[in-house]
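Enquirer: Have a look; sequence and predicted model below, questions after that.
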Amino acid sequence: QVQLADSGGGLVQAGESLRLSCIVSGRAPSILAMAWFRRAPGKDREFVAAINWSSALINYADSVKGRFTISRDSAKNTAYLQMNSLGPQDTGVYYCAGRTGYSATYYYREALYEWWGQGTQVTVAS
């Protein structure tokens, strides 16, 4: 069983930054791929960013490219999402997710992810 614990959300002003963390515990596979999704108020959950086990493969949603950076520290069993230049459109609940292996084609599909964090709220005030 794998557990994901995401944290780091909060209330910030537009233009500011936040860093989210996702700690992995339990019997995680060695080729664990990680991702971040978010759910804005009144909308479906959407893909934000994904990274493979070695950090060699990374993908972003167009809406966050150039502003967000996904990374991971295998020694700490932790994935991160650095979010810069935040705007009100980035408000939502952010979830980390994990799966065995990285899908280069379908990395954005939430149905492929096996494990999920509980979510952390990010609110960006204008």
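Expert: That came through, no problem.

Enquirer: Now do the residue nearest the centre of the chain, the pLDDT please.
Expert: For the chain, residue 36 is the residue whose C-alpha lies nearest the centre (Cα atoms, centre = their mean; 2.0 Å). As summarised for this prediction, residue 36 has a pLDDT of 98.

Enquirer: which secondary structure element contains it?
Expert: Element membership for residue 36 (DSSP states H and E) is strand 32-39.

Enquirer: Who are the packing partners of that strand?
Expert: If you count contacts as 3 or more Cβ pairs under 8 Å, 6 or more residues apart in numbering; DSSP states H and E, strand 32-39 packs onto strand 18-26, strand 45-51, strand 68-73, strand 78-83, strand 92-100. Any C-beta I mention is one placed from the backbone N, CA and C, and that applies to glycine too.

Enquirer: Could you tell me the angle between the fourth one and strand 45-51?
Expert: This points to strand 78-83. 120 degrees (axes from the mean of the first three to the mean of the last three Cα atoms, to 10 degrees).

Enquirer: Listing partners with orientation, what would you give for strand 78-83?
Expert: According to DSSP bridges, strand 78-83 has the following sheet partners: strand 18-26 (antiparallel), strand 68-73 (antiparallel).

Enquirer: Need the CA coordinates for it. PDB is fine.
Expert: Extracted in PDB, the C-alpha atoms of strand 78-83 (Å, rounded to 0.1, in the frame of the first residue of the first chain):
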ATOM      1  CA  THR A  78       9.100  13.600  -1.800                       C
ATOM      2  CA  ALA A  79       7.700  15.300  -4.900                       C
ATOM      3  CA  TYR A  80       7.400  19.100  -5.200                       C
ATOM      4  CA  LEU A  81       5.500  21.600  -7.200                       C
ATOM      5  CA  GLN A  82       7.100  25.000  -7.300                       C
ATOM      6  CA  MET A  83       4.400  27.500  -8.400                       C
END
